[in-house]
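**Q** only the shape, not the letters, is given here:
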């Protein structure tokens, strides 16, 4: 839901300088999906899905905890990772900023999302990721 919300606010632009705030993401999730079974938490947006944040695995059981997904990139200037910035979608050029054990996908599996939003994954793969 978070990736789709961010992508829907950025589409059709591909510039690294277009970013969105956490508040905008939360509002867009609510607008697109309404009340959900799994509520969106600030930690999901600020830590779990941000590529530059370490995975935060359970130290007692490293296979558990955190997310390897690199859905979002947090930045102030569009290019460098920043804890204080706003969000955009992850691009391959952001890999140099990846946090520890962040090696997962950069977008949801198209099969796992509503068909109405699959076009946006095509845009992401064909246009957004390729642009710098």
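**A** Looks like it arrived, so ask away. Here the structure is a predicted model, which means the values were calculated and not measured.
**Q** and the strands in this structure?
**A** Secondary structure of the chain by DSSP state E: the strands cover 72-75, 86-89.
**Q** for the chain, list the residue farthest from the centre, please.
**A** The C-alpha centroid of the chain is most remote from residue 60, which lies 26.9 Å away (C-alpha atoms, centre = their mean).
**Q** what pLDDT does the model give that one?
**A** Note for residue 60: predicted pLDDT of 76.
**Q** tell me the spacing between residue 33 and residue 25.
**A** Distance, residue 33 to residue 25, using C-beta to C-beta, to the nearest Å: 12 Å. Heads up, the C-betas are built off the backbone N, CA and C, glycines and all.
**Q** same question, residue 61
**A** From residue 61 to residue 25 the distance is 30 Å (C-beta to C-beta).
**Q** what about these two, which has more around it?
**A** Between residue 61 and residue 25, counting by other C-beta atoms under 10 Å, residue 25 is the more crowded of the two (23 against 8).
**Q** can you tell me how far the more buried one sits from residue 66?
**A** From residue 25 to residue 66 the distance is 19 Å (C-beta to C-beta).
**Q** excluding chain neighbours, give the residue nearest to residue 67 in space.
**A** Nearest non-adjacent residue to residue 67, counting by C-beta to C-beta, 6 or more residues apart in numbering: residue 48, 4.3 Å away.
**Q** correction: residue 47
**A** residue 53 (4.9 Å).
**Q** okay, now that neighbour: neighbour count?
**A** 23.
**Q** please name the residues that touch it.
**A** 46, 47, 74, 99, 102 (C-beta atoms under 8 Å, 6 or more residues apart in numbering).
**Q** same check on residue 124?
**A** 7, 89, 107.
**Q** most neighbours of all those residues, which one?
**A** Result: residue 89 is most packed of the contacts of residue 124 (other C-beta under 10 Å), 27 neighbours.
**Q** so residue 18 is in contact with residue 89, correct?
**A** No: contact criterion C-beta atoms under 8 Å: residue 18 and residue 89 do not qualify, at 9.8 Å.
**Q** which residues do the two both contact?
**A** In contact with both residue 18 and residue 89: residue 10, using C-beta under 8 Å, 6+ apart.
**Q** gap between the lowest-mean-pLDDT helix or strand in the chain and the chain center?
**A** One helix or strand of the chain scores below all others by mean pLDDT, DSSP states H and E: helix 42-43, with a mean of 89. Helix 42-43 sits 13 Å away from the centroid of its parent chain (C-alpha atoms, centre = their mean, to the nearest Å).
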